[in-house]
Each structure stands twice: as structure tokens, then as C-alpha cells.
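Trainee: Predicted model and sequence follow; I will ask about them next.
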Amino acid sequence: MIIYKKANTMLFPITLLVIMAVAVPSLNGCTFSQNLDTRMKSSTDTPPTNSVIYYGSWTSYQIPFVPVEPISQEEAQKRQSYYVGYYNSSKQLERFEKYLDGKLEWQDKYIYWDNRKLKTRNMIKTDGSEINQNFDSNGNIMK
């Protein structure tokens, strides 16, 4: 019985390694980009100029956020949480807001360089606290 328990405790780490060996190679080509252009359903979809779009979610922690799952305003208001993206005349995400139970939870505001790279990020939380980040013209965060 002791041998069985030791073998059984080794089964989980081995299973985890097998899963990682299968899943991780499929992530080849995934890169972190702080200045990835905002996408809708796919990388070829672009929002209309000067538009407001409701979303069900966003992907990763890229700055600016990358909203996904466009939904109608009516659908958004039926959900516990949803997001709203505001796009400028250059079709860049200018403001991104999270709503929880119908109330604004936080908002991110973005300003871009002429080369379309992110220049500043200003996050405002419901408690009034702010996070400000500045980026150089290459899109690198300035410390």
C-alpha cells in the first residue's frame, strides 16, 4: 500500500509535465507587446472611426488592453461585468472602461505618439487612485 501511495503521488507531477509538453509548443509565436493594435474578433477587424464598442472581455495584460467579444449595449447591461472601448479618429483605443454591477469600476485613458505607439496611460480607479505610465516614442515604458 505504501508503494501505491508513492506511485500515486508521482502521477500528478508526471501528468502535469505531459500536459505542459503538449500545450506549450502550441504557444510558439506568442509574444508580449505593450503596443499591439487593439483588435475586435480577429487581427483583421478594426473598429469604426470615433466609435464606442461594448465588450464582454479582454485578453492578457497588454497595455493598452486588447478588448474581445464585442456585444451590444443591451447585452452588456444584462451582464454583471462588461467593458466599453472608445476609439479615436485613428481607430486607436483611446479609453477603456470596466463596469461591475452597472457602475464604473475603473478606466484606462491612452494617448499615442504620431507613430501610433503608446505615449501615456492613465488608469483611474473608483477610489480615486491613479496609475500613470509614460512611454518613449518606441513604445518602451519610461521609468
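Mentor: That came through, no problem.

Trainee: who's in contact with the residue nearest to Leu100 when sequence neighbours are not counted?
Mentor: Counting by Cβ to Cβ, 6 or more residues apart in numbering, Ser81 is the residue found nearest to Leu100 once chain neighbours are left out, at 4.9 Å. (C-beta placed from N, C-alpha, C; glycine too.) Residues near Ser81 by Cβ atoms under 8 Å, 6 or more residues apart in numbering: Lys98, Tyr99, Leu100, Asp101, Glu105.

Trainee: quick one, phi psi at Ser81?
Mentor: Phi and psi for Ser81, reported as degrees, to the nearest 10, are phi -140, psi 150.

Trainee: the helices in this protein, which residues?
Mentor: Listed in chain order, the helices of the chain (DSSP state H) span 2-23, 73-78.

Trainee: Kindly provide the distance from the residue lying closest to Ser137 once chain neighbours are set aside to Lys98.
Mentor: Spatially, and ignoring its direct neighbours in sequence, Ser137 is nearest to Trp113 (5.0 Å; Cβ to Cβ, 6+ apart). Noted for Trp113: a distance of 26 Å to Lys98, by Cβ to Cβ, to the nearest Å.
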